[in-house]
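J.: Requesting a structural model of the entry that follows:
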Amino acid sequence: MPPEPLEYRNDLLFFSGISIQELAERFGTPLYVYSESSICRSIDLYRKGAGKRLHRICFAVKALSNISILRLMARESCGADIVSGGELFRAMKAGIEPSQIVFSGVGKSAGEIREALEADILLFSVESEEELGLISRIASERNKIARISLRMNPDVDANTHPYISTGLRENKFGIDRGSLLNIYKKILSMPGLDAAGIGFHIGSQLTGLSPFQDAASILSQTARLAREMGINLRYIDVGGGLGISYNGDPVPGPDEYARQVCKSLDFPDIEIIFEPGRSLVGNAGILISRVLFVKDTPEKKFYICDAAMNDLIRPSLYQAYHGIWPEKKSQNTVRADLVGPVCETGDFLAQDRMMGSFSSGDLLAVASAGAYGSVMSSNYNSRPRAAEVMVGSERAVLIRKREDYNDLIRGEEI
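T.: Residues are numbered from 1 along each chain as shown. This is a model prediction of the structure:
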């Protein structure tokens, strides 16, 4: 069975109460579609797991940055975890209060730091001593105090794809845990800084809780020592990284994860900041595509569809698995590749997989495409980017129009 909110009704595929055929006919293909109710359910599960523990949820904007999605987060009293000035602009444009924004990332520019200081964001998540010095200098020049949180690299193996592992010593992220206390000590004499937090983020698409527990145990030791030094810690930033099920395998739910994190961090007076991305929006989004041609060769069968690696790069970039569900339920399956029109052998959505038997013109849904789908899309091969739609109360609303050829050359000069 397809993952919720996909379901078959009378052998026709529906998403969040609306048929795939209706969505394709109204908005065209390829098409990203998101379920408002599914996103809200996942937010509620985080809150259920955290219970009465002091906490806040800051959505990882990099996972899905459409301002209608961010407006939904604001409406649900969520903040934002950002990694660029552009994401700060988006979050504030959508109505997320700066006091709910954490600025992460290893390469904040001086201009971005100034923008975040002027907005008076909640926290800068700092990843190097040089970055810390730059924030101190800029804050002092502007007579402001920057609340900062040091991001620890706990050297914990997240057991995920190497491209999305961030908590090992060889990764570019975070500060070596052995250096953290010395840096906190320096902060006590640095102008313009308030050492308000400590945190970690060990990777993405984690499907077990033990890496989080290991990182929390290491962080707890350092946090206690930092408080003994006189550091007034008010926030523990546990990042994001909780995975989703792409292929039906069981994964921990947001409630189980949040409950375990709160249990592992025994600081009842310190607020825990969760920064989920994929676990809120991953399974709440699909990519609808139409089959253009069926191509049989002596080696294999190819289904060529109108969605490509420029629309969804995860299979090409991460060898990621996405479920492929035909619009018309069928018992017939064949082994084939689902590929796009882009002129790259790496342009595929599924390789050597058993899937439904398609004909030209058939519709299909690529499941679990809400996270790192549209945000990583491009205009490669001069292909206009797909439209985006939100479904709420069984009503579909366009939240990003489909690009046209004029959009492709906007800003260019002859």
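J.: could you pull out the helices for the stretch 51-200 of the chain?
T.: Applying DSSP state H, counting those that start in this stretch to the stretch 51-200 of the chain gives helices spanning 67-75, 85-93, 110-119, 129-141, 180-187.
J.: Buried residues, the third one. List them.
T.: Yep, that's helix 110-119 we're talking about. Buried residues in helix 110-119, counted by 16 or more other CB atoms under 10 Å: Glu112, Ile113, Arg114, Glu115, Ala116, Leu117, Ala119. Where you see a C-beta, it was placed from the backbone N, CA and C, and this is true even at glycine.
J.: repeat for the longest one
T.: Taking 16+ other CB under 10 Å as the basis for neighbour counts, the residues of helix 129-141 that come out buried are Glu131, Leu132, Leu134, Ile135, Ser136, Ile138, Ala139.
J.: how about the nearest residue to the first one, chain neighbours excluded?
T.: This points to Glu131. Using CB to CB, 6 or more residues apart in numbering and skipping the chain neighbours, the partner closest in space to Glu131 is Lys108 (6.4 Å).
J.: The one you found contacts Phe124, doesn't it?
T.: Yes: if you go by CB atoms under 8 Å, Lys108 and Phe124 touch, sitting 7.5 Å apart.
J.: More neighbours: the two, which one.
T.: Phe124 (27 against 23; other CB atoms under 10 Å).
J.: Next one: the more buried one from Ile145, what distance?
T.: 11 Å (CB to CB, to the nearest Å).
J.: got it, and Met376?
T.: Taking CB to CB, one finds Met376 at 36 Å from Ile145.
J.: Also Arg177?
T.: 26 Å.
J.: for Ile82, same thing?
T.: For Ile82 relative to Ile145 (CB to CB), the value is 20 Å.
J.: Between those two, point out the one with more neighbours.
T.: Set side by side, Ile82 and Ile145 show more neighbours around Ile82, with 31 against 15, by other CB under 10 Å.
J.: so what's the more buried one bridging to?
T.: Taking DSSP bridges, one finds Phe103 as the beta-bridge partners of Ile82.
J.: Quick one: neighbours of the spatially closest residue to Val281 that is not a sequence neighbour, just the number.
T.: Residue nearest to Val281 in three dimensions, not counting chain neighbours: Gly370, with 4.0 Å by CB to CB, 6+ apart. By other CB under 10 Å, the residues close to Gly370 number 28.
J.: does Gly370 sit in a helix, a strand or a coil?
T.: For Gly370, the assignment made with DSSP: H, G, I helix; E, B strand; the rest coil gives coil.
J.: Look up phi and psi at it.
T.: Phi and psi for Gly370, reported as degrees, to the nearest 10, are phi -70, psi -30.
J.: Return the residues in contact with it.
T.: Under the criterion of CB atoms under 8 Å, 6 or more residues apart in numbering, the neighbours of Gly370 are Tyr32, Tyr34, Ala63, Leu64, Val281, Gly282, Asn283, Ala284, Gly285, Ile286.
J.: and the residue nearest to Gly340 when sequence neighbours are not counted, helix, strand or coil?
T.: Setting aside the residues directly before and after it, Gly340 is nearest to Ala308 in space (CB to CB, 6+ apart), at 2.6 Å. Following three-state DSSP, we place Ala308 in the coil state.
J.: isn't Ala308 right up against Ser382?
T.: No: Ala308 is beyond contact range of Ser382, at 12.0 Å (criterion: CB under 8 Å).
J.: So between the two, which is more surrounded?
T.: Ala308 (26 against 9).
J.: for the more buried one, what are its contacts?
T.: Pro30, Val339, Gly340, Pro341, Val342, Asp347, Asn381, Arg383.
J.: any idea how far Phe212 is from the first one?
T.: This means Pro30. 35 Å.
J.: And the third one, by the same measure?
T.: Taking CB to CB as the measure, Gly340 and Phe212 are separated by 36 Å.
J.: what does the last one give?
T.: The gap separating Arg383 from Phe212 is 39 Å, by CB to CB.
J.: Kindly report the same for the second one.
T.: Distance from Val339 to Phe212, counting by CB to CB: 37 Å.
J.: Same check on Gly285?
T.: On the measure of CB to CB, Gly285 and Phe212 end up 24 Å apart.
J.: of the two, who's got more company?
T.: Gly285 (28 against 24).
J.: rewinding a little: and the contacts of Gly370, which two are furthest apart?
T.: Ala63 and Ile286 (15.1 Å; CB to CB).
J.: out of these two, which sits in the busier spot?
T.: Taking neighbours as other CB under 10 Å, Ala63 and Ile286 compare with Ile286 leading, 31 against 25.
J.: Quick check on that one: phi, psi?
T.: phi -130, psi 160.
J.: Run through the bridge partners of it.
T.: Val33.
J.: shaky segments in the stretch 251-400 of the chain?
T.: For the stretch 251-400 of the chain, applying pLDDT under 70 flags no range at all.
J.: again, only this time at 90
T.: The stretch 251-400 of the chain contains residues with pLDDT under 90 at 266, 318, 330-332, 393-394.
J.: could you pull out the helices for it?
T.: Using DSSP H, counting those that start in this stretch, the helices of the stretch 251-400 of the chain run over 254-264, 278-281, 314-318.
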